[in-house]
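Colleague: Mind folding the following:
(one chain, ligands or ions: 2)
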Amino acid sequence: MTALRIQGLLFCAIAIGVAATTTAGVALAPDGAAGLLLAAPILLLGVPHGALDTVFAEELHGVHGLRGWFRFALAYLGAALLVLLAWQYAPQLSLAGFLLLSALHFSGDLAPGTRFMARLLYGGAFILLPALLHASEMARLFAFLVSPQGAAALAGVLHELSGPWLLATAVAAACQKRTHWLTGVEMAAAAALALLAPPLLAFAVFFCIMHSARHIVRTWHYVGARAESATRLGRAALLPMLGTLVLGGTAAYWMRAQPIEAGLMRLLFVGLAALTVPHMALVEQARWSGWINRRAAGPGCAEA
Ligand SMILES: CC1=C(/C=C/C(C)=C/C=C/C(C)=C/C=O)C(C)(C)CCC1
Ligand SMILES: [Fe+2]
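Modeller: Ligands and ions are numbered 1, 2, ... in the order given. Got it, this is the predicted structure:
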């Protein structure tokens, strides 16, 4: 069994387990501020998947040498800074744009060859489906990022769309099961998790065990899936991870006057939004090439 299949099955099992347990009334994540314990796995498992962007810079754009990496860091951080500025001046529009971009980015998780519509439904699941049963919690979370009125309006729109989205996702997952069963099960498990579990818990499980884990496995394939590939990925991610830690720590110190939950939510999601733009610019190129690395000697990431 390939690493990607094992990761996909693991996600399905955990997603269905978490969805069932929370539906049975077991609180897997404590309410309120303590729920921010979930920020730790998001940071610990989520950040490494973005840190691997250096691999794509090297493989797709031939970035090398001190001057090359300096220019790359400048462009990457410059793009992130522009997002932070946009968020400062137009938070509502920036949040809406971020949610839209995220749905497109997450849609790349599914196996190559999956239809666009199925991808889009899956990609949007973690943004729309939590609003069906947890609209007030979604509004509470959004209110850390935009005005309370804006947050309520956004949660309201997502709530209206969530019913039809669920129906369409269920149909698409059932159709998908006939041609590529694991993709169908992944779609169904993701939808169940997004619908039933508390929104932050659902997002943490999805982001760590599906999005980030799948991206790390794919990147490992991308560089040849050899014994030394894991060492290369570790080395490639080390400096960006340290950089993110330093930048995050500085931002946290700068925001120390804010209440802990509001500060962490802003740091987490505005930080993710800022880094997602340059991250997407690199990763989407690899995705459109079917995760085939033309520079590597190996066959790249061939998915069943
Ligand atoms: C803001 C926000 C949400 C959405 C977060 C998203 C959409 C994150 C996207 C991250 C990306 C795209 C990372 C890159 O790989 C939730 C969890 C629905 C509810 C709480 C507030
Ligand atoms: Fe990503």
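
Colleague: Who are the packing partners of the host helix or strand of Ser162?
Modeller: Counting by DSSP states H and E, the element that carries Ser162 is helix 148-179. When contacts are defined as 3 or more C-beta pairs under 8 Å, 6 or more residues apart in numbering; DSSP states H and E, helix 148-179 sits against helix 91-106, helix 116-128, helix 130-133, helix 135-142, helix 181-196. From N, CA and C alone the C-beta is placed, and that goes for glycine too.

Colleague: Kindly reformat those helices as CSV and extend each row with distance to Phe203, mean neighbour count and mean pLDDT.
Modeller: Below are the helices and strands packed on helix 148-179 laid out as CSV (distance: least, C-beta to C-beta, whole Å; neighbours: other C-beta atoms under 10 Å; pLDDT from 0 to 100):
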stretch, distance to Phe203, mean neighbour count, mean pLDDT
helix 91-106, 10, 17, 96
helix 116-128, 6, 22, 97
helix 130-133, 8, 23, 97
helix 135-142, 9, 19, 95
helix 181-196, 8, 23, 97
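
Colleague: can you list the residues of the stretch 201-304 of the chain near ligand 1?
Modeller: Proximity of the stretch 201-304 of the chain to ligand 1 (C-beta under 6 Å from any ligand atom) is limited to residues Phe203, Phe269, Leu272, Thr276, His279.

Colleague: Please report how far the residue of the stretch 201-304 of the chain found nearest ligand 1 lies from Arg218.
Modeller: Taking C-beta to the nearest ligand atom, ligand 1 has its nearest neighbour within the stretch 201-304 of the chain at Phe203, 3.6 Å off. As for Phe203, its distance to Arg218 is 21 Å (criterion: C-beta to C-beta, to the nearest Å).

Colleague: residue ranges with poor pLDDT in the protein?
Modeller: 1, 28-35, 296-304 (pLDDT under 70).

Colleague: centroid residue for it?
Modeller: Phe207 (4.8 Å; C-alpha atoms, centre = their mean).

Colleague: tell me which element the residue of the stretch 201-304 of the chain closest to ligand 1 falls in.
Modeller: Phe203 belongs to helix 199-205, assigned by DSSP H and E.

Colleague: now for that helix, which elements pack on it?
Modeller: Counting contacts by 3+ C-beta pairs under 8 Å, 6+ apart, helix 199-205 is packed against helix 3-23, helix 39-51, helix 130-133, helix 135-142, helix 181-196.

Colleague: what's the closest of those helices to Gly123?
Modeller: helix 181-196 (9.5 Å; C-beta to C-beta).

Colleague: in the helix holding Ser162, what counts as buried?
Modeller: Neighbour counts using 16 or more other C-beta atoms under 10 Å place 150-152, 154-155, 158-159, 161-162, 165-166, 169, 172-173, 176 of helix 148-179 among the buried residues.

Colleague: Tell me how far it lies from the chain's centre.
Modeller: 18 Å (C-alpha atoms, centre = their mean, to the nearest Å).

Colleague: angle of it against helix 135-142?
Modeller: Relative orientation of helix 148-179 and helix 135-142, computed by axes from the mean of the first three to the mean of the last three C-alpha atoms, to 10 degrees: 110 degrees.

Colleague: going forward can the numbers begin at 881, since that is how I track them
Modeller: Understood, numbering begins at 881; the last thing we discussed is helix 1028-1059.

Colleague: near ligand 1 at all, helix 1028-1059?
Modeller: No - Helix 1028-1059 lies apart from ligand 1 when judged by C-beta under 6 Å from any ligand atom; the minimum separation is 8.7 Å.

Colleague: what's the most distant pair in the residues of the stretch 1081-1184 of the chain next to ligand 1?
Modeller: Pairwise over those, using C-beta to C-beta, the maximum falls at Phe1083 and His1159, 16.8 Å.

Colleague: returning to what we had before: okay, the helices and strands packed on helix 1028-1059 in a markdown table with distance to ligand 1 next?
Modeller: Below are these laid out as a markdown table (distance: least, C-beta to the nearest ligand atom, whole Å):
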| stretch | distance to ligand 1 |
| --- | --- |
| helix 971-986 | 4 |
| helix 996-1008 | 5 |
| helix 1010-1013 | 6 |
| helix 1015-1022 | 4 |
| helix 1061-1076 | 9 |
